[in-house]
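Colleague: Sequence below, structure please.
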Amino acid sequence: MIIQTNQTSRRQDWVSFIARAIVLSLFFLIPCQPVNALDERIVFDPYTGLSLGGYDPVAYFVGGAAVPGLADYEEVYGDTYWHFATEANAAAFRAAPAAYIPGFGGYSMAAIIRGVAQPGNPALFAIHRNRLYLFASEDERQAFLADPEAMIAAAAANWPEVLKRLAY
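Modeller: Sure thing, here's the model as predicted:
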């Protein structure tokens, strides 16, 4: 039989207090990420809510082609709907959505360089350094392929100002 004294009880209360204080302080020290941790706005159809015009974002990486997704394989992410050609592609997206979302939210890089937000065409794309980029014309795509680093840097420099003008 264990007899608990006031001193033992106070020690347990003190240890419990310290443990709660540590846990609570860790809660405030750990940086929290917003639900939509992406730093960009994603292009979507305002009538359907579909991103990428319904194309499968994973298919660009898996098959190297713009493949229309199916409503049977639909995911919601970033306040928009994403369609996929297969359940496997939908699962890959669920596991790492940021890996498949187009750079600059799917806006045309050439337009961003000009300071405007023009949606890219999901059929006109390129993948550079494991990031998908969309373009409004084949000429823009060819300019990107000629010097992707310069185009990405120029678009990145203008992106914060373009974002300010986008409606939320």
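Colleague: Helices of this structure, start to end?
Modeller: Using DSSP state H, the helices of the chain run over residues 6-29, 59-62, 87-95, 109-113, 138-146, 148-165.
Colleague: how about low-confidence regions in the protein?
Modeller: 1-40, 167-168 (pLDDT under 70).
Colleague: Nearest the middle, which residue of it would you pick?
Modeller: With distances taken as CA atoms, centre = their mean, the residue of the chain nearest its centroid is A98 (3.6 Å).
Colleague: Relative to A111, how far out is that residue?
Modeller: Computed as CB to CB, to the nearest Å, the A98 to A111 distance reads 22 Å. For every residue, glycine as well, the C-beta is placed using N, CA and C.
Colleague: How about A126?
Modeller: The value you get for A126 to A111, if CB to CB is used, is 15 Å.
Colleague: do the same with I101
Modeller: The spacing between I101 and A111, counted by CB to CB, is 18 Å.
Colleague: right, and T86 touches Y73 too?
Modeller: Yes. Counting by CB atoms under 8 Å, Y73 is a contact partner of T86 at 6.5 Å.
Colleague: For I101, give me phi and psi.
Modeller: phi -70, psi 130 (degrees, to the nearest 10).
Colleague: Run a quick neighbour tally on it.
Modeller: 23 (other CB atoms under 10 Å).
Colleague: wouldn't it be in contact with P57 here?
Modeller: Yes. Under the criterion of CB under 8 Å, I101 makes contact with P57 at 6.7 Å.
Colleague: Which residues are in contact with each of those two?
Modeller: With contacts taken as CB atoms under 8 Å, 6 or more residues apart in numbering, the residues that reach both I101 and P57 are 51, 132.
Colleague: Please report how far the closest residue to T48 other than its chain neighbours lies from A90.
Modeller: Leaving aside its chain neighbours, T48 sits nearest to Y81 (7.2 Å; criterion: CB to CB, 6 or more residues apart in numbering). When distance is defined by CB to CB, Y81 is 12 Å away from A90.
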